[in-house]
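K.L.:
curious how this folds, go ahead:
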Amino acid sequence: SHEGRVLVMTTNHDEKLDPVLIRPGHVDHKVKFENATQKQIEELFERMYTSSTKAVPNLNSNGTATGIPASSVAKPGEEKLGAEELSRIAGEFAKKVPGGVFSPAEIQGFLLKRKKEPRKALDEVEGWVEGE
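P.N.:
The predicted model follows:
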């Protein structure tokens, strides 16, 4: 790479690369991506199901506009959870997924298919883990 530029290389098998390609001066920094830990699994779950806190318009009894958190407004087919309930379910979910086995992308893919249904994700995760 030219001076002042960053070159990013990725591989799943760095042991198969020619040592000349990855010697010091050619590769200055290596980052190894590991499978998700229990804590990361819990955080992925919470992040997936945490709603935005943007204010949405609402009319009170005298017709004036007020703002209420978007997280308290459920869209059709969307399941809303309080922060404590979400944290509890995220912990249960993480306990059912073994740490160090699945990549964050695999877990996110599972959750995306149940994006609006955190309880369904919790109910179905054991079957998914066994199937994988």
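
K.L.:
which SS state does the residue nearest to Lys96 when sequence neighbours are not counted fall under?
P.N.:
Distances taken as C-beta to C-beta, 6 or more residues apart in numbering place Val125 nearest to Lys96, at 4.9 Å, with adjacent residues excluded. The C-beta positions use only the backbone N, C-alpha and C, and glycine is treated the same way. Following DSSP: H, G, I helix; E, B strand; the rest coil, the label given to Val125 is helix.

K.L.:
confidence score at Val125?
P.N.:
In this model, Val125 is scored at 97, pLDDT.

K.L.:
swap in the one 3 residues further on?
P.N.:
According to the prediction, Trp128 has pLDDT 97.

K.L.:
let me see the contact set for it.
P.N.:
Residues touching Trp128, when contacts are defined by C-beta atoms under 8 Å, 6 or more residues apart in numbering, comprise Phe110.

K.L.:
phi first, then psi, for it.
P.N.:
For Trp128, the backbone dihedrals are phi -60, psi -50 (criterion: degrees, to the nearest 10).

K.L.:
which residues are in contact with Val27?
P.N.:
9, 21.

K.L.:
ok, back up a step: could you double-check that the residue nearest to Lys96 lies in contact with Phe93?
P.N.:
Yes: contact criterion C-beta atoms under 8 Å: Val125 and Phe93 qualify, at 5.9 Å.

K.L.:
quick one, which of these two is more surrounded?
P.N.:
Higher neighbour count among Val125 and Phe93: Phe93, with 25 against 22, using other C-beta atoms under 10 Å.

K.L.:
what pLDDT does that one get?
P.N.:
At Phe93 the predicted local distance difference test score is 97.

K.L.:
which ones are touching it?
P.N.:
Phe93 sits next to 41-42, 45, 121-122, 125 when contact means C-beta under 8 Å, 6+ apart.

K.L.:
and the strands in this structure?
P.N.:
In the chain, the segments counted as strands under DSSP state E are 55-59, 65-69.

K.L.:
ok, of those strands, where does mean pLDDT dip lowest?
P.N.:
Sorting the strands of the chain by mean pLDDT places strand 55-59 lowest, at a mean of 40.

K.L.:
quick test: name the residue nearest the centre of the protein.
P.N.:
The chain has Leu44 as the residue nearest its centroid, 3.2 Å off, counting by C-alpha atoms, centre = their mean.
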